[in-house]
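In: Sharing a sequence plus its predicted fold:
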Amino acid sequence: ETGVTQSPTHLIKTRGQQVTLRCSSQSGHNTVSWYQQALGQGPQFIFQYYREEENGRGNFPPRFSGLQFPNYSSELNVNALELDDSALYLCASSGPSGRAVETQYFGPGTRLLVL
Amino acid sequence: GENVEQHPSTLSVQEGDSAVIKCTYSDSASNYFPWYKQELGKRPQLIIDIRSNVGEKKDQRIAVTLNKTAKHFSLHITETQPEDSAVYFCAATRRGLTGGGNKLTFGTGTQLKVEL
């Protein structure tokens, strides 16, 4: 296992509601990336947090927001939920900068169902 | 932005045979190419990766090759076993401009089935 944890594991919401998903990064990692994986698709990059700042964003609307805490854990918030937001939400943590590239280790994901 | 294409979408092999999955990428600046295995209901698990300064890398029954000129990379699994059955994703990335990290662009996945 990677040491990356996520909560909750499953969640059911209705359209228009708001949701907060949580991720604890692997020890020693200061970067957290969030991905959305629809059924039968590859993960799609939502955004990344590095040292508590957003460091890159994918093609997702502003109702997807996040933050990173001083201990490098992170939250993903989604407002005004839509049916298409139903997916597996994955976070991935990676190590300190200074290396040429960084390997990303995924958490188990949160399965969100919007009704 | 980066675009990664992956083929085939499904692959069925007999136990003991080899399996090959191919990916192409569009951004010549990409310099890191990981492969993830995802079993049903589980997290993507890194199985092997390759950096742009290397043409080939092996780890037991798994190998990855990279052709930077053609911008494609491949996963090779030899002596396949039933437990190799899963969805495999390739990905590509380059270091983020601010030095904080990198975002992965994934292929669409290959469902590998190893039959007895």
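Out: Alright, I've got the coordinates.
In: How much space separates B:Lys37 from B:Ile62?
Out: 9 Å (CB to CB, to the nearest Å). For every residue, glycine as well, the C-beta is placed using N, CA and C.
In: how many neighbours does residue 92 have?
Out: Defaulting to chain A. A:Ala92 is flanked by 30 other residues according to other CB atoms under 10 Å in any protein chain shown.
In: could you do chain B instead?
Out: For B:Ala92, the neighbour count with other CB under 10 Å is 26.
In: Next one: the residue in chain A that chain B sits nearest to relative to A:Gly66, how far apart?
Out: When scored by CB to the nearest CB, chain A has A:Tyr50 as its residue closest to chain B, at 3.0 Å. Separation of A:Tyr50 from A:Gly66 (CB to CB): 12 Å.
In: for A:Val4, same thing?
Out: As defined by CB to CB, A:Val4 lies at a distance of 15 Å from A:Gly66.
In: residue nearest the centroid of chain A?
Out: Centroid-nearest residue in chain A: A:Trp34, 2.9 Å away (criterion: CA atoms, centre = their mean).
In: okay, it: pLDDT?
Out: The model reports A:Trp34 with a pLDDT of 97.
In: Can you tell me the closest non-neighbouring residue to it?
Out: The shortest distance from A:Trp34 to any non-neighbouring residue, by CB to CB, 6 or more residues apart in numbering or on different chains, is to A:Ile46 (4.3 Å).
In: can you count the residues close to that neighbour?
Out: A:Ile46: 23 surrounding residues under other CB under 10 Å.
In: OK, contacts around it?
Out: Neighbour list for A:Ile46: A:Ser33, A:Trp34, A:Tyr35, A:Gln36, A:Arg57, A:Gly58, A:Phe60, A:Phe64, A:Gly66, A:Leu76 [criterion: CB atoms under 8 Å, 6 or more residues apart in numbering or on different chains].
In: at 10 Å what do you get?
Out: Contacts for A:Ile46 (CB atoms under 10 Å, 6 or more residues apart in numbering or on different chains) come out as A:33-36, A:56-60, A:64-66, A:76, A:78, A:89-91, B:103.
In: What ranges does chain B have for its strands?
Out: Ranges of strands in chain B, per DSSP state E, are B:4-7, B:10-14, B:19-25, B:32-38, B:45-51, B:56-59, B:62-67, B:72-77, B:86-92, B:105-106, B:110-115.
In: That'll do, ta.
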